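*Asks:* Here is a sequence together with a model predicted from it:
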Amino acid sequence: MKRIAGTWCLSLVLMFVFQAQQPVQPVSANERAEALLAKMTLEEKVGQMAQVTLDVITKGESEYVSDEPLQIDMARVKKALIDYKIGSVLNTANNRARSTEKWHEIISQIQEVATKETRLKIPVIYGIDAIHGATYTAGATFFPQQIAQAATWNRALVKHGAEICAYETRASAIPWSFSPVLDLGRDPRFPRLWETFGEDVYLTSELGKQMVEGYEGKSGDVKNPQHVASTLKHFLGYQVPQSGKDRTPAFIPEIELRERHLPAFKAAIDAGAHSIMINSGLINGIPVHADQNILTKLLKEELGFKGVVVTDWKDIENLHDRDKVATTQKEAVKLAINAGIDMSMIPYNFRFCDYLIELVKEGEVPMSRIDDAVRRILTLKFDLGLFEKPVTNFKDYPEFGSKAFEQSAYQAASEAITLLKNNNNLLPFRKTARILVTGPNANTMRALNGGWSYSWQGEKADEFGEKYNTILEALQLKGGKQNITFIQGVAYNNGGKYWEEKDVDIDAAVKAAASVDYIVACVGENSYTEKPGDLHDLTLSANQLALVKALNKTGKPVILVLNEGRPRLISAIEKDVQAVVHLYLPGNLGGDAAADVLYGNVNPSGKLPYTYPMYANTLVTYDHKLSEEQNKMQGVYDYESDFAIQYPFGFGLSYTSFTYSDLQVSKASFTPDEKITVSVTVKNTGSREGKEVVQLFVSDLYASVTPDVKRLRGFEKITLKPGESQKVTFTLGARDIAFVGKDLHWIVEKGEYEVNIGTLKSKFSLTEAKTFREGAPQL
Ligand code: BGC
């Protein structure tokens with residue numbers, strides 16, 4: 001007995017020693033969230049699900065307007081954080097950029113209350129739309145907007161831009177960004193097309209993954225204070241309403257939702273993205289914020305999304321006020337939360353909290369739903385390291401606004417610029433060329449940057465971006481002031497609506513043309529986003545068309561420089577201009593990049609991420625059905641028809657030339673479980689070094705769902721010196737060429753496929769069909 005007792009004592013001691021020597025197992029964010037959740041009251045949980053805008057907690061006459069200089073109102077902060085237990089704040093105040101010092105001051109004060117004066121000391125999560133740089137931070141590095149980044153077709157550039165954006169956002173003490181946009185930009189009328197990576201599913205998926213990785217770091221390491229949590233938006237099918245106007249009804253069949261709109265979100269979720277924002281509009285009559293099938297069944301269950309689902313601005317209130325699916329505000333809260341929303345971007349009041357608490361007490365919203373939401377929000381806060389470090393300090397970010405960061409933004413802008421026409425190799429200019437610079441976009445930082453630049457609509461970019469060069473200033477720097485004449489011809493009315501123009505003096509421009517060699521007409525759009533950017537007519541404005549028509553008549557060669565967020569129709573002037581250079585919205589360094597392309601310091605390598613339409617009634621994407629092009633089809637009808645676009649998806653010229661040869665497919669026929677390799681040799685046959693985007697398209701020739709003409713299935717951007725060749729190889733599996741079948745599963749079918757790279761074509765066949773059983777279709 002003694003012996004047994006002795007042995008027992010010894011084992012106890014040994015166990016103790018052994019345990020003491022064991023490294024302490026780090027507790028995961030999930031476990032910490034779970035432990036904290038267990039301590040929370042209903043009121044505390046609901047508060048975590050609420051987000052208000054900064055104006056609500058600053059000094060000022062109301063929750064809509066703040067006093068300047070901006071100051072936090074401690075009484076309002078306490079009301080929000082202590083009385084209502086609010087867990088999140090977004091946006092800037094008075095719609096205006098602030099310095100990193102100011103951000104530090106504001107966010108420190110908020111976190112001070114959250115982490116010291118609330119019962120559970122849970123830090124606030126601050127979020128902002130840092131979409132092409134730290135949007136609301138003065139001195140931040142502004143990259144080209146997403147559409148221009150897509151035109152680079154350069155994965156590494158997109159990733160690096162996101163890394164810099166994350167760093168500078170954290171330098172502003174903000175750990176959460178409402179970016180990237182993974183909506184497809186398939187409708188050129190939509191006012192947010194420029195916030196997308198363009199019309200293609202694959203390009204968007206590939207670049208979306210890069211952006212998420214750039215923001216969050218590899219494997220989603222958002223605890224690193226140089227990274228931010230990303231937000232995929234706007235789930236799902238946001239940019240394709242019937243009218244082309246923001247937040248109007250869309251009708252999207254499920255086969256289309258799954259085939260085109262879902263893959264980029266799925267890829268980014270699989271890449272570890274931490275949050276997602278919901279489509280503010282309706283699909284098939286149902287507001288997405290109230291659609292349990294999309295938010296819970298599809299997103300949380302089928303895709304297995306574990307992050308935070310946040311509403312868009314005021315969108316729970318919109319279920320009642322705008323969309324009329326809820327008879328009261330309280331019912332709107334019930335619908336949205338039960339559908340699967342985790343956090344409400346309220347953003348101006350606290351009613352959401354009162355209603356949700358009542359709804360839970362009344363049994364209308366189950367506690368399990370609240371716990372699911374709060375668990376996700378707390379996990380995000382733990383993942384971000386906010387409990388350890390609620391505020392990052394600008395002093396720890398010495399690279400903020402550095403020359404090196406500017407150089408990266410410049411690089412992205414110069415690789416985005418797309419040369420669409422260059423008759424007789426008119427471009428590049430010689431240094432001594434005498435040039436008339438004209439047009440409303442010639443001398444403005446606002447139009448170069450677009451929306452979400454220092455303010456929501458981008459109207460403050462001339463003030464905050466003053467140190468950067470407009471197109472005119474950059475041309476003057478590179479070509480010498482003595483060689484550049486500037487007559488604006490048409491100017492935007494910056495105090496008015498984004499489309500308003502003023503000071504139209506076309507005659508002066510025509511007169512000035514007499515004494516120059518070339519005319520650079522900088523046309524396009526002023527900055528805008530969302531609803532204020534809705535459009536009545538896709539055609540370029542009448543004044544700008546009149547300006548270019550008058551200049552075309554002078555006989556001097558006109559170079560059209562397009563600086564616009566969506567492809568405005570230019571068919572009335574395009575045939576008479578000698579060159580077309582597309583800038584998109586290239587950001588603060590876009591003026592320099594444009595001048596370098598025009599003078600030949602940069603060889604353009606951008607390619608269109610969308611189809612540039614020619615006519616208002618032919619707004620088709622490249623991946624359309626063959627029946628759009630009945631004029632080209634043999635034996636269909638014997639009468640006339642036409643199909644015309646201005647420039648195709650993927651198109652862009654260079655100052656050098658590339659030839660493609662030796663297209664090879666590894667085998668003539670494959671089973672769906674084998675891999676296919678497709679290779680091609682590309683040669684620079686011109687006299688300058690250049691970058692080329694090698695694009696692999698595949699056409700399924702016959703399928704049970706009418707196949708698209710072709711689909712992009714791979715791309716690589718390569719650099720070749722004059723005379724240099726490179727073999728580019730793509731590897732495809734059957735899943736990479738699959739489509740969504742009638743039963744809503746991804747499938748491939750037996751039959752022939754055509755491969756197309758450049759002008760070369762080849763074929764292969766699949767020997768059998770296969771269904772990929774992913775998820776559980778049927779929404
Ligand atoms: C936009 C979102 C944005 C949010 C917060 C909304 O109006 O639709 O894209 O993230 O505001 O600023």
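*Replies:* Noted; the coordinates are in hand.
*Asks:* Setting aside sequence neighbours, what's the nearest residue to the closest residue to the ligand within the stretch 251-400 of the chain?
*Replies:* Closest contact between the stretch 251-400 of the chain and the ligand, by C-beta to the nearest ligand atom, is at W313 (3.7 Å). Using the backbone N, CA and C atoms, a C-beta is placed for each residue, glycine as well. Nearest residue to W313, sequence neighbours excluded (C-beta to C-beta, 6 or more residues apart in numbering): M345, at 5.4 Å.
*Asks:* now S99
*Replies:* Spatial nearest neighbour of S99, excluding adjacent residues (C-beta to C-beta, 6+ apart): A138 at 5.1 Å.
*Asks:* show me what contacts the one you found?
*Replies:* Residues in contact with A138, defined by C-beta atoms under 8 Å, 6 or more residues apart in numbering, are 97-99, 454, 464.
*Asks:* Most neighbours among the residues you listed, which one is it?
*Replies:* Counting neighbours by other C-beta atoms under 10 Å, Y454 comes out on top of the contacts of A138 with 28 neighbours.
*Asks:* what stretches of this protein score poorly on pLDDT?
*Replies:* For the chain, applying pLDDT under 70 flags the ranges 1-25, 775-779.
*Asks:* what does it put close to the ligand?
*Replies:* Applying C-beta under 6 Å from any ligand atom, we find that the chain lies next to the ligand at 91, 129, 178, 233, 277, 280, 312-313, 530.
*Asks:* ok, so of the residues you listed, who is nearest I370?
*Replies:* Nearest to I370 out of the residues of the chain next to the ligand is M277 (C-beta to C-beta; 20.0 Å).
*Asks:* List the contacts of that closest one.
*Replies:* Taking C-beta under 8 Å, 6+ apart as the criterion, M277 is in contact with 178, 231-235, 310-312.
*Asks:* what sits opposite it in the beta ladder?
*Replies:* Note on M277: beta-bridge partners by DSSP bridges are V310.
*Asks:* Domains of the chain: list them as residue ranges, please.
*Replies:* The chain breaks down by automatic domain parsing into domains covering 128-326+338-346+361-396, 417-613, 658-772.
*Asks:* Pipe these into JSON lines and attach distance to V77 per row.
*Replies:* JSON lines is the format used below for those (distance: least, C-beta to C-beta, whole Å):
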{"stretch": "domain 128-326+338-346+361-396", "distance to V77": "14"}
{"stretch": "domain 417-613", "distance to V77": "23"}
{"stretch": "domain 658-772", "distance to V77": "48"}
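*Asks:* which one of those lies closest to D83?
*Replies:* Here domain 128-326+338-346+361-396 is closest among the domains of the chain (C-beta to C-beta), at 14.7 Å.
*Asks:* Do me a favour and get the end-to-end distance for that closest one?
*Replies:* 20 Å (C-alpha to C-alpha, to the nearest Å).
*Asks:* in the stretch 101-250 of the chain, which spans are strands?
*Replies:* 125-128, 176-177, 231-235 (DSSP state E, counting those that start in this stretch).
*Asks:* Mind putting those into TSV with mean neighbour count?
*Replies:* TSV is the format used below for the strands of the stretch 101-250 of the chain (neighbours: other C-beta atoms under 10 Å):
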stretch	mean neighbour count
strand 125-128	26
strand 176-177	26
strand 231-235	26
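*Asks:* would you turn those into JSON lines with distance to L257?
*Replies:* Output for those, formatted as JSON lines (distance: least, C-beta to C-beta, whole Å):
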{"stretch": "strand 125-128", "distance to L257": "27"}
{"stretch": "strand 176-177", "distance to L257": "26"}
{"stretch": "strand 231-235", "distance to L257": "11"}
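*Asks:* what's the closest of these to W153?
*Replies:* If you check each of these against W153 by C-beta to C-beta, strand 231-235 wins as the nearest, at 20.9 Å.
*Asks:* Alpha carbons of that closest one, in CSV - could you do that?
*Replies:* Output of strand 231-235 as CSV, limited to C-alpha atoms (Å, rounded to 0.1, in the frame of the first residue of the first chain):
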residue,chain,number,x,y,z
THR,A,231,-13.5,42.5,-47.4
LEU,A,232,-14.8,40.9,-50.5
LYS,A,233,-17.6,42.8,-52.0
HIS,A,234,-20.4,43.0,-52.9
PHE,A,235,-21.7,39.5,-52.6
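*Asks:* quick revisit: with secondary structure and distance to H227 as added columns, please give the contacts of A138 in TSV.
*Replies:* Formatted as TSV, these follow (DSSP: H, G, I helix; E, B strand; the rest coil; distance: C-beta to C-beta, whole Å):
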residue	secondary structure	distance to H227
A97	coil	22
R98	strand	21
S99	coil	22
Y454	coil	23
F464	helix	25
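*Asks:* roughly how far is stretch 512-532 from the heart of the chain?
*Replies:* Stretch 512-532 sits 25 Å away from the centroid of its parent chain (C-alpha atoms, centre = their mean, to the nearest Å).
*Asks:* Against D743, how distant is V705?
*Replies:* Per C-beta to C-beta, to the nearest Å, V705 is found 10 Å from D743.
*Asks:* and if you look at P613?
*Replies:* 34 Å.
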